[in-house]
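**Student:** Structure for the following, please:
(one chain, ligands or ions: 1)
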Amino acid sequence: MIPGPTPVPEKVLQALSKHPIGHRSKEFQKLVESTTKNLQWLHQTQNDVLTITGSGTAAMEAGIINTLSRGDKVICGENGKFGERWVKVAKEFGLEVIKIDSEWGTPLNPKQFKKILEEDKQKEIKAVILTHSETSTGVINDLETISSFIREHKTALSIIDCVTSLGACNVPVDEWQLDIVASGSQKGYMIPPGLSFISISQKAWEASEKSNLPKFYLDLKSYRKSLLNNSNPYTPAVNLVFALDEALKMMREEGLNNIFMRHNKHKLAMSNAIKALKLKLYADEKYLSPSITAIKTEEMDAEKFRKIIKDKFDILLAGGQDHLKGKIFRVGHLGYVNDRDIITVISAISNTLLYLGKISTEEAGQALLVASKYLEIN
Ligand SMILES: *Cc1c(COP(=O)(O)O)cnc(C)c1O
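**Tutor:** Residues are numbered from 1 along each chain as shown. So this is what the prediction gives:
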């Protein structure tokens, strides 16, 4: 139960194990056509959605290098490990970064975006780059509000990492007019790692005409050109596309709202059970990510705690990154996760706390009762 790679359904595994087919065949073109349509459905957009062979970082890097030019001024939101990564990428490509940050565990403040964007009368800011669900801390940023300020600025593009929000909570790309949205197969898509997805607005395509940053494999114009023919510029990960087709069909069967509601109830069951166990949430409770719950262990070593859970229950939880190593652990509840998984992981955490003498049997039982209430199974 880490926030990626996430569990893969049997049907998707079976699709993966098929013999690869020619990527220039009619059969493969049909797959590209259907997966592209379903990706647009998932993104709630009419924009182009391109599939790239590479992890989520490839899609984010592609978004940046296809729309911007050396020396361009951009705002980067940074309140965790992934926000930090986008600052590094932007600087690596010679962009001038205005950083808006906040303490890890707290959300970015939309008013800071508003202020800087409103003061930019010369329209020097070319893009706003940020992470929607910050996987390292379990915080979700208020993208709806921040994107409204980007729209008011009119010229700046939004380049958004939705790797652990897309397919978990509502990200209406057209309604919020998001220009670039990046995501990855091993997160909400229920597919192994290896593919990433990027949706691109008309405004972003216009910006791409002026972009002078170097690119070849990630030049999105070549992907767009190939897509007109339901094809790819280079050999794609054919078997992962089989898997994608199957996973997207499963998502369509479940329906967008059901998917969002399932993630929401798992988030509520996890976070409230954690509180019943007298542990503290790392993230601001009003901004909990639908996909990851980060938990403080205070005087307990989080790495030892994780090891006990792995050894006793064979459940892998994620640790803290950088300065949070040993201080927090993270439970991923993203993608192919059901009520049983949530009840099981809560039981494993309660049992371990009981075993360590941290809680009473009543408190252990209370956590399950609280979780059952949110799962609506009692
Ligand atoms: C997993 C993840 C990524 C992508 O990381 P890759 O290892 O390149 O797939 C980007 N952003 C967030 C928020 C993530 O959780």
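**Student:** From here on, just use CA atoms for contacts and neighbour counts.
**Tutor:** Noted.
**Student:** interface residues of the stretch 151-300 of the chain facing the ligand?
**Tutor:** Contacts of the stretch 151-300 of the chain with the ligand, taken as Cα under 6 Å from any ligand atom, map to 161, 163, 164, 184.
**Student:** May I have the distance across stretch 268-284, first residue to last?
**Tutor:** This stretch, stretch 268-284, spans 14 Å end to end (Cα to Cα, to the nearest Å).
**Student:** cool, and stretch 96-115?
**Tutor:** One end of stretch 96-115 sits 18 Å from the other (Cα to Cα).
**Student:** And stretch 93-104, by the same measure?
**Tutor:** So stretch 93-104: terminal residues 25 Å apart, Cα to Cα.
**Student:** Got phi/psi on residue 292?
**Tutor:** When read as degrees, to the nearest 10, the backbone of residue 292 gives phi -140, psi 140.
**Student:** Enumerate the beta-bridge partners assigned to it.
**Tutor:** Assessed by DSSP bridges, residue 292 has beta-bridge partners residue 332.
**Student:** returning to what we had before: compare the residues of the stretch 151-300 of the chain next to the ligand and tell me which is most surrounded.
**Tutor:** Among these, the one with the most neighbours (other Cα atoms under 10 Å) is residue 184, at 33 neighbours.
**Student:** tell me the contacts of that one?
**Tutor:** By Cα atoms under 8 Å, 6 or more residues apart in numbering, the contact set of residue 184 is 55, 56, 59, 163, 193, 194, 195, 196, 197.
**Student:** one more time with 7 Å
**Tutor:** 55, 56, 163, 195, 196, 197 (Cα atoms under 7 Å, 6 or more residues apart in numbering).
**Student:** Closest one of the residues of the stretch 151-300 of the chain next to the ligand to residue 249?
**Tutor:** residue 184 (17.0 Å; Cα to Cα).
**Student:** What residues are bridge-paired with that closest one?
**Tutor:** Going by DSSP bridges, residue 184 forms beta bridges with residue 196.
**Student:** Which pLDDT value does the model give it?
**Tutor:** We have a pLDDT of 98 for residue 184.
**Student:** quick check: domain ranges of the chain?
**Tutor:** Domain segmentation of the chain under automatic domain parsing yields 10-254, 256-375.
**Student:** possible to save the ones you listed as JSON lines with distance to residue 2?
**Tutor:** As requested, the domains of the chain are exported to JSON lines (distance: least, Cα to Cα, whole Å):
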{"stretch": "domain 10-254", "distance to residue 2": "10"}
{"stretch": "domain 256-375", "distance to residue 2": "4"}
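**Student:** Nearest to residue 1 among those would be which one?
**Tutor:** Of the domains of the chain, the one closest to residue 1 (Cα to Cα) turns out to be domain 256-375, at 4.9 Å.
**Student:** Average pLDDT for the closest one, rounded please.
**Tutor:** Rounded mean pLDDT across domain 256-375 is 97.
**Student:** what's the span of it from first residue to last?
**Tutor:** From its first residue to its last, domain 256-375 covers 18 Å (Cα to Cα).
**Student:** and the residues of the stretch 151-300 of the chain next to the ligand as CSV, adding secondary structure?
**Tutor:** Below are those laid out as CSV (DSSP: H, G, I helix; E, B strand; the rest coil):
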residue, secondary structure
161, strand
163, coil
164, coil
184, strand
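**Student:** Next up, the contacts around residue 131.
**Tutor:** Residue 131 touches 82, 83, 160, 161, 162, counting by Cα under 7 Å, 6+ apart.
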